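Colleague: Got a sequence here, can you model it:
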Amino acid sequence: MSMKALRPLIAICGTTGVGKSNLAVEIALQIAKSGHQMYNSAKIINADAMQVYAGMDVITNKIPLSERQGVEHALIGFKSPHEQYVVGQWVKDALHAIDEAHEKHQIPIVVGGTSYWIQHLLFPNRLAKDINLVDDLERPPSSIFEASEGLASAIKLLPQELQDLFACLPDPAPSAESNPEEAFRLYNLLKALDESVAARWHWKDTRKVLRSIRIIQETGRKPSELIHEQSRDLLQPRFRTLCFWVYSKPEILKPRLDLRVDKMLEQGLLDEVRALQALPKNPDPSSNEEEVDPASDYSFGIYQSIGYREFHKYISAPDSSEEEFSEAVRNMKTSTRQYAKRQISWLRNKLLPMLYAANESEENDEHPGPSTFTYLLDATELGENWTKIVRDPAVNITNAFLDHQPLLDPLTLSNVARELLDIERKDTNPRAVLNARRKIICPVCTIDLAQPFMVEEGKEWKLHQKSRIHRRRAYKPLSEAEIEERKRQGRRKKDSGKVSDNELVR
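Modeller: The predicted structure follows:
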């Protein structure tokens with residue numbers, strides 16, 4: 001298949017607060033004006049995990065209708081806040097929206113800060129065989145799959161307690177904070193079924209643990225078996241892709257993000273937090289499921305939004321002080337900056353290597369040239385400079401991309417582009433990903449075997465070994481009586497709401 005046979009797609013990614021949505025609108029307007037012989041307009045497809053939810057426009061930072069300038073936007077504001085919406089579901093919906101766009105001779109522009117979603121959209125055969133990860137609770141496991149030989153053997157060896165758990169998985173995943181025993185039992189089930197995949201997750205990360213078990217139920221295969229199969233597949237993108245990374249220098253972005261938090265407060269952020277708190281626990285009165293309060297689960301759906309966790313306790317308290325409000329503001333600003341930092345890390349360490357590796361694999365195949373083109377746009381300066389340095393180059397590159405004309409060398413666009421795009425090539429094979437960031441138990445710091453202390457292999461493990469608490473415990477281990485007393489004290493504090501599981505196991 002030649003590169004011209006791959007359908008075109010534009011992806012715009014980057015940190016929060018750099019103008020990704022505005023750039024998408026500008027490019028869409030220019031495509032409509034250009035009179036291209038094959039494409040008459042563009043369709044913007046949201047790739048922000050929080051902006052898929054209806055309402056709550058301030059806390060999710062949706063682009064206002066007035067700023068969309070009539071450009072069609074898809075997959076934005078269409079999910080109920082009660083729903084959990086994961087990457088597999090979004091990829092399926094995004095592919096449908098992209099197909100519709102191409103049928104109408106539109107260019108799909110995928111834009112958002114959830115680069116993980118964009119990555120799995122661009123590269124098939126890298127997300128559990130692209131199965132739909134929607135939980136199917138109505139069918140018993142026996143009707144879902146015929147187990148592979150390796151999985152069947154593992155299931156036979158399960159103790160009855162874990163067999164019962166596998167036959168009736170919890171929904172939603174148990175909270176490690178409020179129900180550590182059930183959380184660790186779920187982890188033990190995954191470990192018994194697929195130890196190599198279980199090693200990727202901390203036992204407290206119950207959503208990922210449960211999702212891995214769901215994959216087993218959906219496919220009848222161990223996730224590690226699927227990953228080893230994927231590792232034999234060439235990395236090939238779904239689309240001929242033009243990817244723009246919109247970037248701002250951290251020292252300039254930091255005060256800009258702080259000001260944006262202040263503006264969000266002026267626009268009614270606290271009212272939206274109150275509205276989220278007031279939502280009913282279970283919107284379906286006919287449901288027989290046990291009521292779960294998502295408002296207190298900061299890893300569920302829209303409740304993951306930065307700002308909700310930080311102000312939830314402040315608003316919930318009967319007598320909140322000005323100092324508590326100021327602390328919540330500071331925490332939200334810190335969380336926003338940390339999120340931007342994580343976004344950059346993902347782009348450089350995950351998405352960029354994948355984009356580069358795709359081109360390298362195709363150079364060794366029958367394809368005549370690259371299928372992915374990646375540009376960094378320096379959005380450090382706003383105003384007229386943004387138009388000159390960000391919008392205009394993006395429009396020119398887009399026109400050349402759509403016309404199959406020679407494209408600029410990405411490293412020549414700016415000094416920042418040269419610095420950040422020139423990365424060390426990494427192994428993107430799924431087998432390498434499976435073996436990376438494995439979690440191990442520290443026997444020295446584990447007080448309760450039912451709630452082990454886990455640390456990531458490599459750098460984190462070495463740092464942990466040098467920590468004061470680890471060295472102290474290694475030098476003078478606790479006696480059995482001391483361990484039992486600490487566990488009793490920890491549980492008493494936990495029952496009174498004064499300690500988390502994290503503290504309990506440490």
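
Colleague: Regarding the spatially most central residue of the chain, which helix or strand does it belong to?
Modeller: The centroid of the chain falls nearest to residue 116 when counting by Cα atoms, centre = their mean (5.2 Å). Assigned by DSSP states H and E, residue 116 belongs to helix 115-122.

Colleague: Residue 200 reaches residue 454, doesn't it?
Modeller: No: taking contacts as Cβ atoms under 8 Å, residue 200 lies outside contact range of residue 454: 11.3 Å. In this view, the C-beta of every residue, glycine as well, is placed from N, C-alpha and C.

Colleague: The two: who's more crowded?
Modeller: Taking other Cβ atoms under 10 Å, residue 200 and residue 454 do not tie; residue 200 has more neighbours (22 against 19).

Colleague: Let me know the secondary structure of that one.
Modeller: On the three-state scheme (DSSP: H, G, I helix; E, B strand; the rest coil), residue 200 is labelled coil.

Colleague: so what sits against both of residue 200 and residue 454?
Modeller: Jointly contacting residue 200 and residue 454 under the rule Cβ atoms under 8 Å, 6 or more residues apart in numbering are residue 439.

Colleague: can you give me the offset of stretch 90-99 from its chain's centre?
Modeller: Distance of stretch 90-99 from the chain centroid (Cα atoms, centre = their mean, to the nearest Å) equals 17 Å.

Colleague: Ok, stretch 243-262 next?
Modeller: Stretch 243-262 sits 20 Å away from the centroid of its parent chain (Cα atoms, centre = their mean).

Colleague: How many residues are close by residue 9?
Modeller: For residue 9, the neighbour count with other Cβ under 10 Å is 24.

Colleague: Next secondary structure element downstream of the host helix or strand of it?
Modeller: Using DSSP H and E, residue 9 falls within strand 8-14. Sequence order places helix 20-34 as the next helix or strand after strand 8-14, per DSSP H and E.

Colleague: Determine the set of other helices and strands touching the very next helix or strand once past that following helix.
Modeller: As assigned by DSSP H and E, the chain's next helix or strand after helix 20-34 is strand 41-46. Packing contacts for strand 41-46, counted by 3 or more Cβ pairs under 8 Å, 6 or more residues apart in numbering; DSSP states H and E, involve helix 20-34, strand 73-74, helix 87-103, strand 106-111.

Colleague: Quick check: which of these is nearest to residue 61?
Modeller: Closest of those to residue 61 is helix 20-34, at 8.6 Å (criterion: Cβ to Cβ).

Colleague: Surely residue 155 and residue 147 touch.
Modeller: Yes: Residue 155 is within contact range of residue 147, at 6.2 Å (criterion: Cβ under 8 Å).

Colleague: Tell me the gap between stretch 236-248 and the middle of its chain.
Modeller: How far stretch 236-248 lies from its chain's middle: 17 Å, per Cα atoms, centre = their mean.

Colleague: Check which element follows the longest helix along the chain along the chain.
Modeller: Secondary structure of the chain read by DSSP state H shows that its longest helix is helix 322-346. Downstream of helix 322-346, the next assigned helix or strand under DSSP H and E is helix 352-363.

Colleague: List the contacts of the next helix or strand after that following helix.
Modeller: Sequence-wise, the next helix or strand downstream of helix 352-363 (DSSP H and E) is strand 372-378. The contact list for strand 372-378, computed with Cβ under 8 Å, 6+ apart, reads 23, 122, 237, 240-249, 352, 355-356, 358-359, 389-390, 393-394, 397, 401, 407-408, 410, 413-414, 416-417, 420-421.

Colleague: Just the buried ones from those residues?
Modeller: Applying 16 or more other Cβ atoms under 10 Å to those, the neighbour count classes 23, 122, 237, 240-248, 352, 355-356, 358-359, 389-390, 393-394, 397, 401, 410, 413-414, 416-417, 420-421 as buried.

Colleague: Residues contacting the longest helix of the chain, please?
Modeller: 14-17, 113, 115-116, 247, 250, 253-254, 257-258, 260-262, 265, 306-307, 309-311, 313-314, 317.

Colleague: Go through the strand or helix carrying residue 186 and flag the buried ones.
Modeller: Assignment of secondary structure by DSSP H and E places residue 186 within helix 180-193. Of the residues in helix 180-193, those buried under the neighbour-count criterion (16+ other Cβ under 10 Å) are 180, 182-193.

Colleague: And stretch 320-335, by the same measure?
Modeller: In stretch 320-335, counting by 16+ other Cβ under 10 Å, buried: 328, 329, 331, 332, 333.

Colleague: what stretches of this protein score poorly on pLDDT?
Modeller: 1-4, 125-146, 230-234, 280-299, 361-369, 425-434, 477-506 (pLDDT under 70).

Colleague: How is it partitioned into domains?
Modeller: 8-125+235-315+322-432, 133-232, 440-506 (automatic domain parsing).

Colleague: Just give the number of residues close to residue 121.
Modeller: For residue 121, using other Cβ under 10 Å, the count is 25.

Colleague: just checking, it touches residue 238?
Modeller: Yes: the criterion here is Cβ under 8 Å, and residue 121 meets it with residue 238 at 7.2 Å.

Colleague: coming back round to it: between the helices and strands packed on strand 41-46, which one is nearest to residue 227?
Modeller: Closest to residue 227 of the helices and strands packed on strand 41-46 is helix 87-103 (Cβ to Cβ; 15.4 Å).

Colleague: What is the closest one packed up against?
Modeller: Checking 3+ Cβ pairs under 8 Å, 6+ apart, helix 87-103 ends up next to strand 41-46, strand 106-111, helix 115-122.

Colleague: Can you check what angle separates the second one from strand 8-14?
Modeller: An angle of 20 degrees separates the directions of strand 106-111 and strand 8-14 when computed by axes from the mean of the first three to the mean of the last three Cα atoms, to 10 degrees.
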